[in-house]
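K.L.:
sequence below, structure please.
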Amino acid sequence: GTAAGRIFLYVRLPRTAGCLLAGAALSTAGCVIQHVLANPLASPNIIGVNAGAGLAVTVCCAMGALSGWVIAGAAFFGAFGSVLLVTLAARGAGASRTGVILSGVAVNAFLGAVSDAVTDLMPDAAVMSSDFRVGGFANVVPARLLPAAVLIVLALGAVFALSSELEVLSLGDDTSGSLGLDPQRMRTVFLALAALLCGAAVSFAGLLGFVGLIVPHAVRRLAGNECSRLLPLCAL
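P.N.:
Have a look, this model is predicted:
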């Protein structure tokens, strides 16, 4: 094709698709985390989810593992690991709303320090992971975007399908248990889906902040708090 066609296909289209996918993933993940933790201040970048994914990507760069699927998978496991750390730390602190946020800030700072240590010890990793630490779409390419896109679409479909369960879970453990829902198991499922969304987005977009915190609150003012309507609008 023409030069303009190639620019559109290999540069403009991946960047635009990356913007749409990352925004949908981070916004929906923020909404899920806020409902699961019953805390309006919870978001992927505040409670350390993005930092966990970023650390995993930094380690991949340090090891030379730059495949799209490897980075997307590592980012998910890093995000999920940080979610588990925050949950365990908050449980030790009494699982209050303030405890969750403070635990998340502590985990976020710790994982950021580990990332800094890795990049200091391995300067090559610092060069390769600098895009992730800043965040942006300038270097989005189809090979890295495609694996993350598959994971984001599947995770969004699962979250939308489970919107009723999330609505019940947000009523509290006692109420959701009396309605036949296993709150511990469903909380783990939703946190895993949120980690999958965040990890996939971070794998190509970097450590973008505030999208997962601000968008759910903005949409909630317009559409109310009903999950079946709130989640798709957050993604939109």
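K.L.:
centre-most residue in the chain?
P.N.:
Nearest to the mean C-alpha position of the chain, by CA atoms, centre = their mean, lies residue 198 at 1.6 Å.
K.L.:
report pLDDT for it.
P.N.:
On pLDDT, residue 198 comes in at 87.
K.L.:
for residue 231, same thing?
P.N.:
For residue 231, pLDDT reads 93.
K.L.:
any idea how far residue 198 is from it?
P.N.:
Using CB to CB, to the nearest Å, one gets 15 Å for the distance from residue 231 to residue 198. C-beta here means a position set from N, CA and C on the backbone, and glycine is covered the same way.
K.L.:
what's the first helix or strand after the strand or helix carrying the residue nearest to the centre of the chain?
P.N.:
Using DSSP states H and E, residue 198 falls within helix 183-205. Going down the chain from helix 183-205, the next helix or strand is helix 211-223, by DSSP H and E.
K.L.:
now stretch 7-21: buried residues?
P.N.:
Within stretch 7-21, the residues that count as buried by 16 or more other CB atoms under 10 Å are 14, 15, 17, 18, 21.
K.L.:
any idea how far apart the tips of that stretch sit?
P.N.:
The straight-line separation of the ends of stretch 7-21 (CA to CA, to the nearest Å) is 20 Å.
K.L.:
lowest-confidence helix or strand of the protein?
P.N.:
Using mean pLDDT, DSSP states H and E, the weakest-scoring helix or strand in the chain turns out to be helix 123-134, at a mean of 66.
K.L.:
what's the helix or strand where residue 158 lies in contact with?
P.N.:
Here residue 158 sits within helix 142-161, counting by DSSP H and E. Residues from elsewhere that reach helix 142-161 (CB atoms under 8 Å, 6 or more residues apart in numbering): 10, 14, 17-18, 21, 24-25, 28, 32, 68-69, 71-72, 76, 166, 190, 193, 196-197, 199-201, 203-204, 231-232, 235.
K.L.:
just the buried ones from those, in ChimeraX syntax?
P.N.:
ChimeraX command restricting the contacts of helix 142-161 to the buried ones, with burial defined by 16+ other CB under 10 Å:
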select :14,17,18,21,24,25,28,32,68,69,71,72,76,166,190,193,196,197,199,200,201,203,204,231,232,235
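K.L.:
quick one: residue 35 and residue 172 touch, right?
P.N.:
No - in this structure, residue 35 is not within contact of residue 172 by CB atoms under 8 Å, at 11.5 Å.
K.L.:
tell me which of the two has more neighbours.
P.N.:
Just comparing residue 35 and residue 172: by other CB atoms under 10 Å the higher neighbour count belongs to residue 35, 23 against 12.
K.L.:
over to the more buried one: give its phi and psi.
P.N.:
phi -70, psi -40 (degrees, to the nearest 10).
K.L.:
not counting sequence-adjacent ones, nearest residue to it?
P.N.:
Excluding its sequence neighbours, the residue lying closest to residue 35 (CB to CB, 6 or more residues apart in numbering) is residue 170, at 4.5 Å.
K.L.:
hang on, the residue nearest to the centre of the chain packs against residue 32?
P.N.:
No - judged on CB under 8 Å, residue 198 makes no contact with residue 32 at a distance of 9.9 Å.
K.L.:
picking that back up, nearest to residue 61 among the buried residues of stretch 7-21?
P.N.:
The closest of those to residue 61 turns out to be residue 18 (CB to CB; 18.6 Å).
K.L.:
secondary structure class for the residue nearest to the closest one when sequence neighbours are not counted?
P.N.:
Closest residue in space to residue 18, ignoring its immediate chain neighbours: residue 140 at 4.1 Å, by CB to CB, 6+ apart. At residue 140 the chain is in coil, as set by DSSP: H, G, I helix; E, B strand; the rest coil.
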